[in-house]
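1. I would like the atomic coordinates for the input below:
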Amino acid sequence: MMIRKNRRAEMGVGTLIIFIALILVAAVAAGVVIQTASSLQQQALATGQAARGEIATTARVIEVSAVDGSAGSVENFSVQMKLAPGSNPIKLDEVTLTLNTDDTTTTLQYVNDTSFGTDGTVGNFTVTYLINGTNHREGNLQRGDVIRVEFQAPRQIDEDEAVRINFIPKIGTATLVMFNMPDVISTERVYLYP
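-> Next up is the predicted model:
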């Protein structure tokens with residue numbers, strides 16, 4: 001008596017092994033795709049947050065004034081500022097301040113010295129905290145802080161002269177204020193902006 005082998009069963013077992021191997025390969029590939037997608041999502045979120053911080057971080061100018069105006073020109077400026085809504089803190093030692101007039105451009109750097117008006121302040125600006133926010137840190141502009149930036153122009157700024165002050169943080173958007181000096185300067189303190 002001859003025993004017949006069931007060739008169909010043998011082919012079914014081989015097909016089943018190949019099918020299981022394909023499922024395992026597909027599962028591994030799906031795991032790699034999910035891990036890659038998760039990594040890309042995290043990188044995209046980090047990049048988005050950094051970009052938002054660079055775009056949204058800026059300061060708002062509340063007021064610009066100058067003193068020593070009784071002689072028809074001014075030299076010492078004062079700018080009151082605070083963070084714009086949604087801004088990240090700004091490190092003051094990473095800020096460049098520029099003062100532009102019709103014929104002069106001056107670049108100023110932060111100095112942690114409140115002796116405003118003494119020799120050596122040209123080329124530097126100082127900061128006085130008028131209001132300290134809840135997360136106040138010296139040398140930073142934090143949420144809730146109101147600061148007064150003070151600096152000395154390299155020369156007397158005369159009546160009816162155009163002036164531009166630009167507050168430029170290392171990370172964030174620059175804050176530009178433009179105004180013309182009054183036609184007649186006759187008081188000690190002159191309010192220039194708003």
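
2. When you work out contacts or count neighbours from here on, use the C-alpha atoms and nothing else.
-> Fine.

3. Could you pull out the helices in this protein for me?
-> Ranges of helices in the chain, per DSSP state H, are 7-56.

4. Walk me through the domains of it.
-> The chain breaks down by automatic domain parsing into domains covering 1-56, 58-193.

5. Can you tell me the centre-most residue of the chain?
-> Nearest to the geometric centre of the chain sits residue 172, at 2.3 Å (Cα atoms, centre = their mean).

6. That residue and residue 180, how far apart?
-> When distance is defined by Cα to Cα, to the nearest Å, residue 172 is 26 Å away from residue 180.

7. on that earlier part again, pick the most deeply packed of the domains of the chain.
-> Most buried of these, by mean neighbour count (mean count of other Cα atoms under 10 Å): domain 58-193, with a mean of 17.

8. so how far is the first residue of it from its last?
-> 18 Å.

9. Can you list the low-confidence ranges for this structure?
-> 1-11, 48-55, 69-70, 114-121 (pLDDT under 70).

10. What are the boundaries of the strands in it?
-> 59-67, 73-83, 90-91, 95-100, 105-110, 124-131, 140-141, 146-158, 162-169, 175-180, 189-193 (DSSP state E).

11. Once you drop chain neighbours, what's closest to residue 151?
-> Nearest non-adjacent residue to residue 151, counting by Cα to Cα, 6 or more residues apart in numbering: residue 125, 4.6 Å away.

12. So that neighbour is in contact with residue 109, correct?
-> Yes - counting by Cα atoms under 8 Å, residue 125 does reach residue 109; the two are 5.9 Å apart.

13. between these two, what contacts are shared?
-> residue 97 (Cα atoms under 8 Å, 6 or more residues apart in numbering).

14. Spit out the contact partners of the closest residue to residue 102 other than its chain neighbours.
-> Nearest residue to residue 102 in three dimensions, chain neighbours excluded: residue 162, at 6.4 Å (Cα to Cα, 6+ apart). Taking Cα under 8 Å, 6+ apart, we find residue 162 in contact with 101-102, 178-181.

15. Among those residues, which one sits closest to residue 151?
-> residue 101 (14.7 Å; Cα to Cα).

16. Show the backbone phi and psi for the closest one.
-> phi -120, psi -170 (degrees, to the nearest 10).

17. what sits opposite the residue nearest to it when sequence neighbours are not counted in the beta ladder?
-> Among residues not flanking residue 101 along the chain, residue 163 sits closest, at 4.8 Å (Cα to Cα, 6+ apart). The partner list for residue 163 in beta bridges (DSSP bridges) reads residue 179.

18. ok, residues contacting stretch 79-86?
-> Contacts for stretch 79-86 (Cα under 8 Å, 6+ apart): 56-65, 89, 141-150.

19. returning to that earlier point: close enough to count as contact, the residue nearest to the centre of the chain and residue 59?
-> No - assessed by Cα under 8 Å, residue 172 is found out of contact with residue 59, at 9.1 Å.
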